[in-house]
Structures are given as structure tokens and as C-alpha cells.
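Participant: Whatever this is, show me its structure:
(one chain, ligands or ions: 2)
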Amino acid sequence: MMRVEETAASGDGDGRGNGGPDFGSAWARVKRRLRAELGEDVYASWFARLELETVSAGTARLTVPTRFLKSWIESHYLDRVLGIFRAEAEEIARIEVGVRGTAAPVRPAAPGAAKPSPVSGPLARLHAVGAPTPVAAIAPVAEARSAEAGDLSGTPLDARLTFASFVVGRSNNLAHAAAERVSRHQGEGALYNPLYLHAGVGLGKTHLLHGIGHAARESGRRVIYLTADRFMYGFVNALKTQSALAYKERLRGIDLLILDDVQFIQGKSIQAEFGHTINALIDAGRQVVVASDRPPTELEALDERVRSRLAGGLVVEIGTLDEQLRVSILSARLAAVRVAHPTFEVTPQVATYVARAITANGRDLEGAVNRLLAHATLTGTAVTMETAENAIRDLVKNREPKRIKIEDIQKLVASRYNVSRSDILSERRTAAVVKPRQIAMYLSKVLTLRSLPEIGRRFGGRDHTTVLHAVRKIEKQIGEDAVLGDEVELLKRMLQD
Ligand code: ADP
Ligand code: MG
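Facilitator: Ligands and ions are numbered 1, 2, ... in the order given. Here you go, the predicted model:
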């Protein structure tokens, strides 16, 4: 068995991710691309210790050492990692991120024979911290095909994401109606060109795009669905192998081009190619459908002409899900799950609780259903209100602002930076300890009503001027360093949740 190449920038020798030989090398390429696309700093902060644990039935299970990394990756990079992984191994339809357990030792790469069994090994821990899916056998999966030069096969459509499984409500009915019309349109010319859908994460953009793809294919049209990463990667490869012309010719020989997450399209030459492609297709009367997390005017990286071309068709926003829509999506999900798990029961009371509690997006609703299912299948017991509350606790936004304790700040910051709370309170002055200590002091100042001397006392009896120095320093660094700014912002949010 081949093992995953270690690509971690930190060189911590922790490269034991082992999803089977083919996915192992695909995963190594994914990490290389993440590093190339995001740069060394971002990569080292967030991805160096991200590992592939297993691949099962199209779901790749990735793990990180801390909950902090898990939520950061989930809230910022999930689509991107999925997009890149799919481009490398098209069998991957979903990814999940779990925590390896805080005390996991740094292990040498597992030799082939010593691969941990998914149930007793790391996955058991994964479930212990509330990760979503029940353990399934690791299916033997076809060899991961690498994206060939100029490959235009597109990203595969997910069979579950159809118009039939899309629940229509107030916030998405315009987007849905436009999507349906575009997918059914026959004959000369295109309808609204491009159709541009935008919305926050998890509100159904990708679902609608796949729905359009399925429906248009059924009516015999030549459809290509591409994530931004696939688009970029196809181009990069095509340009490298000097088959750009062939690539473009093929791209133009299609009826409907669907591009997901165009906000990720990066790089000057690729953005220019993106503009040419869109223009060529629209001028030739081919339908283009685009989704993004923001309106066209806010795609700052793109050329003004491209932006206005994107804005020149029909731009539709999908709004947040109201409670009724959440209830409907949830019951549709539950019904779908019950087909495979007939004994899985969720009382109307629990369903209502979940739909009320999880307000953010469809992805979290789906996550909640997976957790309830995991609970039911792993423990063999029925889902009660209490177990439901526990299972979805971290998906629930707490509405009342919480009183935040300095101790909790210290613990969270310590866990993020992989030091102990006593390191933070200690006299040690190494950079690895000083930075988290200063961040923790800063957060204590902005999130609690404690005075500087009081904060100093709680940080191992330090002077108030030390605290003030830390607060000023972090304030300044946040202003200068966007990555640190995001990081501190996320820590704040996690503490306030
Ligand atoms: P986006 O691409 O906007 O981030 P997705 O399309 O991936 O969001 O949706 C996230 C999850 O929520 C998916 O599982 C999707 O099927 C589900 N979902 C979102 N909106 C709806 C809806 N209106 N009906 C059914 N499922 C939905
Ligand atoms: Mg999406």
C-alpha cells in the first residue's frame, strides 16, 4: 500500500492520512495545490496538518488536530478543498472534517499493514467528538483519475441534487423559477444570459446548479458543470501543454456552461481567459449560468468589463431560509435518509426543535440530520430531545450574548496554538507562547469587563502595563495582517457562540 506523501510545511511528520492508494496520491496533489494556490503562510496555518483519513462512498473524511482548525476550515475553505479534491478524484462528492483528538501523538506514517481499523482507531475518536456520519465500510473505489491536460469533462453532477429534491420557498422561488426556465429552454438563443445566482454559504446555489445540469442533460443538451477550481485547473494544464486552443474550442462546443463559485477564480491570465470564455459563449448564443457568494459588482478581482457582462443577464439572490423552508428541507432530508435506514425515527417535536435551532443554512441542517443518524445507528437508541440537543449543540447559534470567562479564553487560545493553558500563565518567553498569551490578553480585554490589572492577575500575576502592551500590539498587528485579523475574529466568534 502506498502511503500519502508528506507535504506538510511544518514537517511535523504527521502524514499518516491513508485513504487507500489512489486517493492517497490524489490527496497529496490536493495538498500541493492548496499550498500553491493559497501561499505558504495560509497553507502552513490551516492545511499543513489536514489529513485524509478514509474515503467511503464518495465522502472523504479529513481530520485535523483541533476543533478550532476544524471550524475554521469548515467555515472558510470547505468548498475550495472539495473543489480541488474533486478535480483530482472525481469520485469525491463530499468531504467531512473531524478532530483527531486533542492528545493524539505525533505518529510516524503508518506502514501498509498497520493501518488503523476505522472503528477502533481514529474514527472512533472522530465520533466521540460528535462528527457526523455513521461508520461505513470503506468501499473499494475506482482509481482516481487525474485531470488530464485540457480535460473538459467537467465536475460530475451529484445525483441527489435535482430540482425534485429542491424545496422551494419565499427566499429562493425566483432563483428556482429562473433555473428551471433556463434548464428547459430549447431553440435559438439563450434566455437570461448569463443567469447569475448569488447567496451565502449553504443556501442552495450548488443544488440549483446541479438541478439545471440534470434537467438540461435530460433534454439532450450538452452541459458542462465546472467548479472554479476545475475551470482554473483545466486552463492551467491546457496552457502548459499548449492545447489552449483545443480547450477553448471544446468549451465553445457546448450548449450550457455552468460555473460554480466564481469568486474563487484567481490569477490574471485565468481571469482574462474566464472573461473571453464567457463572452465567446454568450456571443454565440450559448447559455451560461454562474453562481457566486456575492453579486457581480463585488467580484473585485475581475475586470470591470467582465463584471458588467456578468451583471448583464439576470442576477438573482437567494435569501436566508425562513423557518417554514427549514422545516420542509429538514423533513425532505429525513425522508430521504429513511429510505436507506427505515428504522431511523425522529419525532415531530425533535424535528421542530432542529428546524428552529439551526437557522444558518441548508448545510448545517444536513449536518444535523447526519449527526442524529450517527447517534441512532451507533448507540442503537431512539433520538430524544436531549440527545438531539447534544448532537447539534455546536451548530446552534446562541442568541443571548454570553458572559465570557477569562479561563475559557485562555483554554481556547491555548488549544488553537497547541500550547497548554499553564504555558500561557507561565513565565516562558518563547515566541510559541508569547503570541497566544498576547492574543488571549487582547481577547480578555475586548470580550470581558475586567480591568487591565485584573487581567494581569489572571495571567499569572502580570503587571497591567504588560497587558496594555499586549492589547496594543495585537490591535496593531490585526490592522496589518489580514490572516491574523481573521484568526482573532474567529476566536471571538467561537467564544461568543
Ligand atoms: P451553496 O452552494 O449555496 O453553498 P448548497 O447548494 O451546497 O449550498 O446547499 C447546502 C445543502 O443544503 C445541500 O445539501 C443542499 O441540498 C441543501 N439545500 C439548500 N437549499 C435547499 C433547498 N431549498 N431544498 C433542499 N435542500 C437544500
Ligand atoms: Mg456551493
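
Participant: The nearest residue in space to residue 332 that is not next to it in sequence sits in which helix or strand?
Facilitator: The shortest distance from residue 332 to any non-neighbouring residue, by Cβ to Cβ, 6 or more residues apart in numbering, is to residue 167 (5.7 Å). (Glycine included, C-beta is placed from N, CA and C.) In this assignment (DSSP states H and E), residue 167 forms part of neither any helix nor any strand.

Participant: for residue 316, same thing?
Facilitator: Going by DSSP H and E, residue 316 is part of strand 314-317.

Participant: in this structure, what secondary structure element scores lowest on mean pLDDT?
Facilitator: helix 122-128 (a mean of 32; mean pLDDT, DSSP states H and E).

Participant: Show me what the strand holding residue 316 pairs with in its sheet, parallel or antiparallel.
Facilitator: strand 195-198 (parallel) (DSSP bridges).

Participant: Go ahead and measure how far the strand it pairs with is from the middle of the chain.
Facilitator: Its chain's C-alpha centre and that of strand 195-198 lie 20 Å apart, by Cα atoms, centre = their mean, to the nearest Å.

Participant: Is any residue of that strand near ligand 2?
Facilitator: No. Applying Cβ under 5 Å from the ion, one finds strand 195-198 separated from ligand 2 by no less than 9.9 Å.

Participant: Could you list the alpha-carbon positions for the helix or strand following that strand in CSV?
Facilitator: Using DSSP H and E, the helix or strand that follows strand 195-198 in sequence is helix 205-218. Output of helix 205-218 as CSV, limited to C-alpha atoms (Å, rounded to 0.1, in the frame of the first residue of the first chain):
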residue,chain,number,x,y,z
LYS,A,205,-26.7,27.6,-5.1
THR,A,206,-24.8,24.4,-5.9
HIS,A,207,-28.0,22.4,-5.5
LEU,A,208,-29.8,24.6,-8.1
LEU,A,209,-26.9,24.5,-10.5
HIS,A,210,-26.8,20.7,-10.4
GLY,A,211,-30.6,20.7,-10.9
ILE,A,212,-30.1,22.8,-14.0
GLY,A,213,-27.4,20.4,-15.2
HIS,A,214,-29.5,17.3,-14.7
ALA,A,215,-32.6,18.8,-16.4
ALA,A,216,-30.8,20.2,-19.4
ARG,A,217,-28.9,17.0,-19.9
GLU,A,218,-32.2,15.0,-19.8
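
Participant: on that earlier part again, what about the strand holding residue 316, near ligand 1?
Facilitator: No. Figure legend: strand 314-317 not in contact with ligand 1 (Cβ under 6 Å from any ligand atom); closest approach 11.2 Å.

Participant: Name the surrounding residues that touch that strand.
Facilitator: 174-175, 178, 191-192, 194-199, 295-296 (Cβ atoms under 8 Å, 6 or more residues apart in numbering).

Participant: One more pass at 10 Å, please.
Facilitator: 171-179, 181-182, 191-200, 203, 208, 289-290, 292, 294-297 (Cβ atoms under 10 Å, 6 or more residues apart in numbering).

Participant: What residues does the stretch 351-497 of the chain have near ligand 1?
Facilitator: Proximity of the stretch 351-497 of the chain to ligand 1 (Cβ under 6 Å from any ligand atom) is limited to residues 362-363, 366.

Participant: and those, which are buried?
Facilitator: 362-363, 366 (16 or more other Cβ atoms under 10 Å).

Participant: Rebuild these as JSON lines, extending it with pLDDT and distance to ligand 2.
Facilitator: JSON lines is the format used below for those (pLDDT from 0 to 100; distance: Cβ to the ion, whole Å):
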{"residue": "362", "pLDDT": "88", "distance to ligand 2": "10"}
{"residue": "363", "pLDDT": "86", "distance to ligand 2": "9"}
{"residue": "366", "pLDDT": "88", "distance to ligand 2": "13"}
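
Participant: Could you single out the nearest of the residues you listed to residue 33?
Facilitator: residue 363 (23.2 Å; Cβ to Cβ).

Participant: wait, the closest one sits on residue 199?
Facilitator: No. Between residue 363 and residue 199 there is no contact under Cβ atoms under 10 Å: 11.9 Å.

Participant: Let me see the ranges of the strands in the stretch 351-497 of the chain.
Facilitator: With DSSP state E, counting those that start in this stretch as the criterion, the stretch 351-497 of the chain has no strands.

Participant: Now the residue of the stretch 151-300 of the chain found nearest ligand 2: closest residue in space that isn't a chain neighbour?
Facilitator: With Cβ to the ion as the measure, residue 206 is the residue of the stretch 151-300 of the chain nearest to ligand 2, at 3.2 Å. Nearest non-adjacent residue to residue 206, counting by Cβ to Cβ, 6+ apart: residue 260, 5.7 Å away.
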